[in-house]
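[1] The sequence and its predicted three-dimensional model are supplied below.
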Amino acid sequence: MNRNIAIDGPAGAGKSTIAKAVAKEKELIYVDTGAMYRALGICFHRQGIDPEDESRIVEALPTADVSIDYINGEQQVILNGENVTGILRTEEAGRMASAISKYAPVREKMVELQQKLGREKAVVMDGRDIGTVVLPDACLKIYLTASVRVRALRRYNELTAKGEVCELAVIERDIEERDYQDMHREVSPLRQADDAILVDTSDMSIEEVVGAIVKLYEEALAK
Ligand code: DC
(Lines give C-alpha, C1' and ligand atoms only; values in the text may rest on other atoms or scores of the structure.)
Protein backbone atom coordinates (compact mmCIF):
# COMPACT_ATOMS: atom_id res chain seq x y z
CA MET A 1 0.00 0.00 0.00
CA ASN A 2 1.29 3.48 -0.74
CA ARG A 3 1.77 5.95 2.12
CA ASN A 4 0.87 9.12 0.23
CA ILE A 5 -1.44 11.85 1.51
CA ALA A 6 -3.37 14.08 -0.91
CA ILE A 7 -4.57 17.48 0.31
CA ASP A 8 -6.78 19.61 -1.90
CA GLY A 9 -8.72 22.77 -1.25
CA PRO A 10 -9.23 26.39 -2.22
CA ALA A 11 -6.65 29.20 -2.02
CA GLY A 12 -5.79 30.24 1.52
CA ALA A 13 -7.25 27.20 3.28
CA GLY A 14 -3.89 26.60 4.97
CA LYS A 15 -2.90 23.61 2.85
CA SER A 16 0.83 24.30 2.77
CA THR A 17 1.15 25.11 6.49
CA ILE A 18 -0.75 21.97 7.43
CA ALA A 19 0.93 19.73 4.85
CA LYS A 20 4.40 20.87 5.95
CA ALA A 21 3.63 20.12 9.61
CA VAL A 22 2.14 16.71 8.81
CA ALA A 23 5.17 15.90 6.62
CA LYS A 24 7.51 16.74 9.48
CA GLU A 25 5.61 14.70 12.03
CA LYS A 26 5.21 11.63 9.82
CA GLU A 27 8.58 11.91 7.99
CA LEU A 28 7.05 12.38 4.57
CA ILE A 29 8.25 14.58 1.71
CA TYR A 30 6.14 17.71 1.23
CA VAL A 31 5.27 18.54 -2.39
CA ASP A 32 3.69 21.95 -3.05
CA THR A 33 2.18 21.62 -6.54
CA GLY A 34 0.86 25.20 -6.60
CA ALA A 35 4.50 26.33 -6.59
CA MET A 36 5.06 24.45 -9.87
CA TYR A 37 2.16 26.25 -11.57
CA ARG A 38 3.39 29.52 -10.11
CA ALA A 39 6.86 28.95 -11.62
CA LEU A 40 5.30 28.28 -15.01
CA GLY A 41 3.19 31.43 -14.70
CA ILE A 42 6.33 33.45 -14.00
CA CYS A 43 8.10 31.88 -16.95
CA PHE A 44 5.32 32.91 -19.38
CA HIS A 45 5.00 36.34 -17.78
CA ARG A 46 8.71 36.95 -18.32
CA GLN A 47 8.24 36.17 -21.99
CA GLY A 48 5.42 38.73 -22.14
CA ILE A 49 2.80 36.11 -22.97
CA ASP A 50 -0.84 36.94 -22.19
CA PRO A 51 -2.18 34.18 -19.89
CA GLU A 52 -5.40 34.16 -21.93
CA ASP A 53 -3.50 33.37 -25.14
CA GLU A 54 -3.74 29.58 -25.00
CA SER A 55 -1.93 28.85 -28.26
CA ARG A 56 1.10 30.93 -27.27
CA ILE A 57 1.18 29.35 -23.82
CA VAL A 58 1.09 25.86 -25.34
CA GLU A 59 3.76 26.85 -27.87
CA ALA A 60 5.99 28.19 -25.07
CA LEU A 61 5.47 25.17 -22.80
CA PRO A 62 8.56 23.25 -24.03
CA THR A 63 10.73 26.28 -23.11
CA ALA A 64 9.76 25.92 -19.45
CA ASP A 65 11.75 23.31 -17.57
CA VAL A 66 10.36 23.05 -14.04
CA SER A 67 11.94 20.71 -11.51
CA ILE A 68 11.93 20.19 -7.77
CA ASP A 69 14.82 19.94 -5.38
CA TYR A 70 15.12 19.89 -1.58
CA ILE A 71 17.45 21.94 0.61
CA ASN A 72 17.30 21.06 4.34
CA GLY A 73 13.96 19.40 3.68
CA GLU A 74 12.49 22.55 2.08
CA GLN A 75 11.11 22.29 -1.44
CA GLN A 76 12.90 24.41 -4.03
CA VAL A 77 11.44 25.06 -7.47
CA ILE A 78 13.93 25.32 -10.29
CA LEU A 79 12.84 27.08 -13.48
CA ASN A 80 15.29 26.63 -16.36
CA GLY A 81 18.17 26.24 -13.93
CA GLU A 82 17.18 29.20 -11.73
CA ASN A 83 15.92 28.72 -8.18
CA VAL A 84 12.70 30.81 -8.23
CA THR A 85 11.36 29.64 -4.84
CA GLY A 86 11.72 33.10 -3.27
CA ILE A 87 9.52 34.87 -5.82
CA LEU A 88 6.62 32.43 -6.05
CA ARG A 89 4.38 33.46 -3.18
CA THR A 90 3.09 36.81 -4.44
CA GLU A 91 -0.58 37.52 -5.23
CA GLU A 92 0.41 38.19 -8.84
CA ALA A 93 2.16 34.83 -9.24
CA GLY A 94 -0.92 33.16 -7.73
CA ARG A 95 -3.22 34.85 -10.23
CA MET A 96 -0.96 33.91 -13.14
CA ALA A 97 -0.77 30.32 -11.94
CA SER A 98 -4.54 30.13 -11.66
CA ALA A 99 -4.93 31.55 -15.19
CA ILE A 100 -2.50 29.22 -16.96
CA SER A 101 -3.45 26.12 -15.00
CA LYS A 102 -6.71 25.80 -16.92
CA TYR A 103 -4.96 24.56 -20.08
CA ALA A 104 -4.84 20.78 -20.55
CA PRO A 105 -1.24 20.59 -21.93
CA VAL A 106 0.01 22.65 -18.97
CA ARG A 107 -1.71 20.29 -16.53
CA GLU A 108 -0.46 17.16 -18.33
CA LYS A 109 3.13 18.32 -18.00
CA MET A 110 2.80 19.16 -14.29
CA VAL A 111 0.78 16.03 -13.41
CA GLU A 112 3.44 13.80 -15.00
CA LEU A 113 6.14 15.38 -12.85
CA GLN A 114 3.99 15.17 -9.70
CA GLN A 115 3.07 11.52 -10.26
CA LYS A 116 6.74 10.68 -10.67
CA LEU A 117 7.48 12.28 -7.28
CA GLY A 118 4.58 10.34 -5.72
CA ARG A 119 5.98 7.07 -7.07
CA GLU A 120 9.53 7.68 -5.90
CA LYS A 121 8.82 8.83 -2.33
CA ALA A 122 6.15 8.81 0.36
CA VAL A 123 4.68 12.30 0.02
CA VAL A 124 2.16 14.76 1.37
CA MET A 125 1.12 16.62 -1.77
CA ASP A 126 -1.16 19.63 -1.82
CA GLY A 127 -2.98 21.32 -4.68
CA ARG A 128 -6.35 21.29 -6.44
CA ASP A 129 -6.47 17.94 -8.28
CA ILE A 130 -4.27 15.72 -6.12
CA GLY A 131 -6.96 13.38 -4.79
CA THR A 132 -8.92 13.39 -8.05
CA VAL A 133 -6.17 13.15 -10.71
CA VAL A 134 -2.56 13.13 -9.50
CA LEU A 135 -2.68 10.55 -6.67
CA PRO A 136 -6.07 8.82 -7.01
CA ASP A 137 -4.84 5.92 -4.87
CA ALA A 138 -3.42 8.02 -2.01
CA CYS A 139 -4.02 6.23 1.28
CA LEU A 140 -5.53 9.41 2.75
CA LYS A 141 -7.33 12.23 0.93
CA ILE A 142 -8.22 15.47 2.68
CA TYR A 143 -10.33 18.33 1.33
CA LEU A 144 -9.21 21.30 3.40
CA THR A 145 -11.36 24.39 3.39
CA ALA A 146 -12.43 27.46 5.39
CA SER A 147 -14.86 30.32 4.83
CA VAL A 148 -13.80 33.05 2.39
CA ARG A 149 -13.75 35.58 5.25
CA VAL A 150 -11.41 33.45 7.38
CA ARG A 151 -9.11 32.68 4.45
CA ALA A 152 -8.90 36.38 3.52
CA LEU A 153 -8.14 37.35 7.12
CA ARG A 154 -5.35 34.77 7.37
CA ARG A 155 -3.78 36.04 4.16
CA TYR A 156 -4.16 39.66 5.32
CA ASN A 157 -2.43 38.89 8.63
CA GLU A 158 0.35 37.01 6.83
CA LEU A 159 1.01 39.92 4.43
CA THR A 160 0.83 42.69 7.05
CA ALA A 161 3.19 40.70 9.30
CA LYS A 162 5.67 40.86 6.42
CA GLY A 163 5.18 44.64 6.30
CA GLU A 164 3.17 44.61 3.06
CA VAL A 165 0.36 47.12 2.69
CA CYS A 166 -2.90 45.49 1.64
CA GLU A 167 -6.66 45.73 1.91
CA LEU A 168 -8.83 43.00 3.34
CA ALA A 169 -11.68 43.65 0.86
CA VAL A 170 -9.28 43.33 -2.11
CA ILE A 171 -7.86 40.06 -0.78
CA GLU A 172 -11.37 38.73 -0.22
CA ARG A 173 -12.36 39.57 -3.81
CA ASP A 174 -9.15 37.98 -5.11
CA ILE A 175 -9.86 34.78 -3.21
CA GLU A 176 -13.43 34.64 -4.54
CA GLU A 177 -12.19 35.12 -8.10
CA ARG A 178 -9.54 32.44 -7.71
CA ASP A 179 -12.05 30.01 -6.17
CA TYR A 180 -14.38 30.58 -9.09
CA GLN A 181 -11.62 30.14 -11.67
CA ASP A 182 -10.22 26.97 -10.02
CA MET A 183 -13.63 25.37 -9.50
CA HIS A 184 -15.14 26.15 -12.89
CA ARG A 185 -12.36 25.34 -15.35
CA GLU A 186 -13.07 22.50 -17.73
CA VAL A 187 -9.93 20.46 -17.06
CA SER A 188 -9.50 19.01 -13.55
CA PRO A 189 -11.50 21.63 -11.66
CA LEU A 190 -11.07 21.85 -7.92
CA ARG A 191 -13.56 19.49 -6.30
CA GLN A 192 -13.67 17.19 -3.33
CA ALA A 193 -12.80 13.61 -4.38
CA ASP A 194 -15.59 11.14 -3.53
CA ASP A 195 -13.35 9.41 -0.99
CA ALA A 196 -11.80 12.58 0.49
CA ILE A 197 -12.49 13.66 4.07
CA LEU A 198 -13.73 17.23 4.44
CA VAL A 199 -11.89 19.30 7.06
CA ASP A 200 -13.27 22.82 7.60
CA THR A 201 -10.57 24.78 9.41
CA SER A 202 -12.57 28.00 9.93
CA ASP A 203 -12.76 27.46 13.68
CA MET A 204 -9.72 25.23 14.20
CA SER A 205 -6.15 26.05 15.22
CA ILE A 206 -3.21 24.79 13.15
CA GLU A 207 -2.37 22.29 15.91
CA GLU A 208 -5.92 20.94 15.91
CA VAL A 209 -5.94 20.46 12.13
CA VAL A 210 -2.50 18.79 12.11
CA GLY A 211 -3.54 16.53 14.99
CA ALA A 212 -6.75 15.51 13.23
CA ILE A 213 -4.96 14.70 9.96
CA VAL A 214 -2.15 12.76 11.67
CA LYS A 215 -4.80 10.68 13.47
CA LEU A 216 -6.68 10.00 10.22
CA TYR A 217 -3.39 9.04 8.56
CA GLU A 218 -2.45 6.59 11.31
CA GLU A 219 -5.90 5.06 11.05
CA ALA A 220 -5.57 4.77 7.28
CA LEU A 221 -2.16 3.06 7.58
CA ALA A 222 -3.52 0.60 10.16
CA LYS A 223 -6.34 -0.55 7.86
O1 DC B 1 -1.94 26.53 -4.08
P2 DC B 1 -1.48 27.80 -4.80
O3 DC B 1 -2.23 29.04 -4.37
O4 DC B 1 -0.01 28.01 -4.75
O5 DC B 1 -1.85 27.54 -6.36
C6 DC B 1 -1.76 28.57 -7.32
C7 DC B 1 -2.70 28.25 -8.47
O8 DC B 1 -2.22 27.11 -9.19
C9 DC B 1 -4.12 27.90 -8.08
O10 DC B 1 -4.96 29.05 -8.04
C11 DC B 1 -4.56 26.93 -9.14
C12 DC B 1 -3.30 26.31 -9.64
N13 DC B 1 -3.11 24.93 -9.17
C14 DC B 1 -3.73 23.93 -9.87
O15 DC B 1 -4.47 24.21 -10.81
N16 DC B 1 -3.52 22.63 -9.54
C17 DC B 1 -2.74 22.31 -8.50
N18 DC B 1 -2.55 21.02 -8.21
C19 DC B 1 -2.11 23.33 -7.75
C20 DC B 1 -2.33 24.64 -8.10
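    Yep, it's here.
[2] roughly how far is stretch 147-158 from the heart of the chain?
    17 Å (C-alpha atoms, centre = their mean, to the nearest Å).
[3] Kindly report the same for stretch 74-89.
    The chain centroid and the centroid of stretch 74-89 are separated by 14 Å under C-alpha atoms, centre = their mean.
[4] now swap in stretch 178-196 and tell me
    12 Å.
[5] Give me the distance between the two termini of that stretch.
    End-to-end distance for stretch 178-196: 22 Å, by C-alpha to C-alpha, to the nearest Å.
[6] before we move on, what about stretch 50-61?
    End-to-end distance for stretch 50-61, by C-alpha to C-alpha: 13 Å.
[7] Packing partners of the helix or strand of the chain at the bottom of the mean pLDDT ranking?
    Every helix and strand in the chain was compared by mean pLDDT, DSSP states H and E; the lowest is helix 91-100, with a mean of 90. Applying 3 or more C-beta pairs under 8 Å, 6 or more residues apart in numbering; DSSP states H and E, one finds that helix 91-100 contacts helix 33-46, helix 168-184. C-beta here means a position set from N, CA and C on the backbone, and glycine is covered the same way.
[8] winner for burial among those helices?
    Across the helices and strands packed on helix 91-100, the average number of neighbours (mean count of other C-beta atoms under 10 Å) peaks for helix 33-46, which reaches a mean of 23.
[9] That one close to the ligand?
    Yes - for helix 33-46, a contact with the ligand is found by C-beta under 6 Å from any ligand atom, at 33-34, 37-38.
[10] Specify the angle between the least confident helix or strand of the chain and helix 168-184 in degrees.
    Orientation check (axes from the mean of the first three to the mean of the last three C-alpha atoms, to 10 degrees): helix 91-100 against helix 168-184 gives 20 degrees.
[11] Now find how far off-centre the helix or strand following helix 91-100 is within its chain.
    Per DSSP states H and E, the first helix or strand lying C-terminal to helix 91-100 is helix 104-120. Put simply, helix 104-120 sits 13 Å off its chain's centre (C-alpha atoms, centre = their mean).
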